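K.L.:
Dropping the sequence and predicted coords here.
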Amino acid sequence: MGESTALLWRTIYGAGQGFVGLLAGRRPDGAGATAGRLQGIRTAYFEYPGALPAAAAWGLDSSERGLESYFCAHLLRARRRTKDAAAPVLTLWADADGEPIPDAPEPTAVVQSSPGRAHLFWRLKHPLSPTAAEGLNRRLALSLGADRSGWDLSQLLRPPGTRNRKYAGAPAVELVEIDAGVVYHPRELDLILPEVPQPAAAARAADTRARILASPDSVDLSRLSVRARTLIARGNAGAGAPYASRSEADFAVCLAMFSAGFDEAEVRAVITDFANGISDKYREKGRNGDSYLSLTIANARARHAV
């Protein structure tokens, strides 16, 4: 199993030099997916590329001892996992958080961290400074609807061959796909990825939403089809859910509303109204809900304009 870990690291770290940062810790007994902090945390740092086999063996051995095992998504210039110690970044990453794996931009590597969840990697043609890479990585996560806490420097991900003990049965972490030929010029991603919504714009949108919600009859959904109104009311839940994911359902509602002549403020008011089932994904995202919704609305508006 160490071969898959080594293959992944050689792909995402490339010809870089530095240290592979590793961390392992024990999950509290009886804890589930919402467990708190790991216990008995230990860290290790191995020179790359020379000590790559030893690094892979340390991670796998930790997992075999019943620990959660992680590695830093980028190389480090020193034996500490901090932003200031980050080495130039050759590969972007994202925790897909249950979202569909995108066709564009197609990832270079896909690691299944647990059934239905994946860590994704995009290899760059040349390394970026840590600051530039973090900014681009944030935009990439926003474009995918991925875990909003998983884009920053020093991020920890799971190596293939280990076990994910957050879930019953401790499913194996698997390297599902890797294609070293899928490489992106940073400028290419910069052109296609959406910008991070600015706080001022978000504040104006919130004010507009508040004005709409102050008038109960201001958003009249009668112009929508029965199917669209049902989706808004019930959300995308249960065995009969019409879409493969809630993010797809949110996109469908946004598109339907734009097609029916609603403006962005009305769309935002409907999806952020907790009385509507369609608000589930937005509500679950917490403080990252507005960024997620802004991206969904922007994508729906672009599709409607075609």
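P.N.:
Arrived safely. Just so you know, these numbers come straight off a predicted model, no measurement behind them.
K.L.:
which regions of the stretch 51-200 of the chain lie under the pLDDT threshold?
P.N.:
146-149, 198-200 (pLDDT under 70).
K.L.:
For it, which segments count as helices?
P.N.:
Counting by DSSP state H, counting those that start in this stretch, the stretch 51-200 of the chain has these helices, from start to end: 52-64, 130-144, 186-192, 199-213.
K.L.:
Now tabulate those in a markdown table and tack on distance to residue 94 and mean neighbour count.
P.N.:
(C-beta placed from N, C-alpha, C; glycine too.) What follows is the helices of the stretch 51-200 of the chain, written out as a markdown table (distance: least, CB to CB, whole Å; neighbours: other CB atoms under 10 Å):
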| stretch | distance to residue 94 | mean neighbour count |
| --- | --- | --- |
| helix 52-64 | 20 | 20 |
| helix 130-144 | 5 | 20 |
| helix 186-192 | 12 | 13 |
| helix 199-213 | 22 | 13 |
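K.L.:
so can I have a markdown table of the ones you listed showing distance to residue 12?
P.N.:
Compiled in a markdown table, those are given as follows (distance: least, CB to CB, whole Å):
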| stretch | distance to residue 12 |
| --- | --- |
| helix 52-64 | 12 |
| helix 130-144 | 12 |
| helix 186-192 | 15 |
| helix 199-213 | 32 |
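K.L.:
pull the longest strand from this structure.
P.N.:
strand 117-128 (DSSP state E).
K.L.:
Give me the distance between the residue nearest to residue 176 when sequence neighbours are not counted and residue 155.
P.N.:
The shortest distance from residue 176 to any non-neighbouring residue, by CB to CB, 6 or more residues apart in numbering, is to residue 110 (4.6 Å). Distance of residue 110 to residue 155, given as CB to CB, to the nearest Å: 17 Å.
K.L.:
and those two? which has more neighbours close in?
P.N.:
residue 155 (21 against 18; other CB atoms under 10 Å).
K.L.:
need the contact list for that one.
P.N.:
72, 73, 93 (CB atoms under 8 Å, 6 or more residues apart in numbering).
K.L.:
Next, work out how far apart it and residue 93 are.
P.N.:
Where residue 93 is concerned, residue 155 sits at a distance of 7 Å (CB to CB).
K.L.:
overlap in contacts of those two?
P.N.:
Listed as contacting both residue 155 and residue 93 by CB under 8 Å, 6+ apart are residue 73.
K.L.:
if we can go back for a sec, next, check the contacts of residue 155 against the strands and list the overlap.
P.N.:
Per DSSP E, the subset of these in strands is 72, 93.
K.L.:
who wins for neighbours among the contacts of residue 155?
P.N.:
Within these, neighbour counts (other CB under 10 Å) peak at residue 73, which reaches 27 neighbours.
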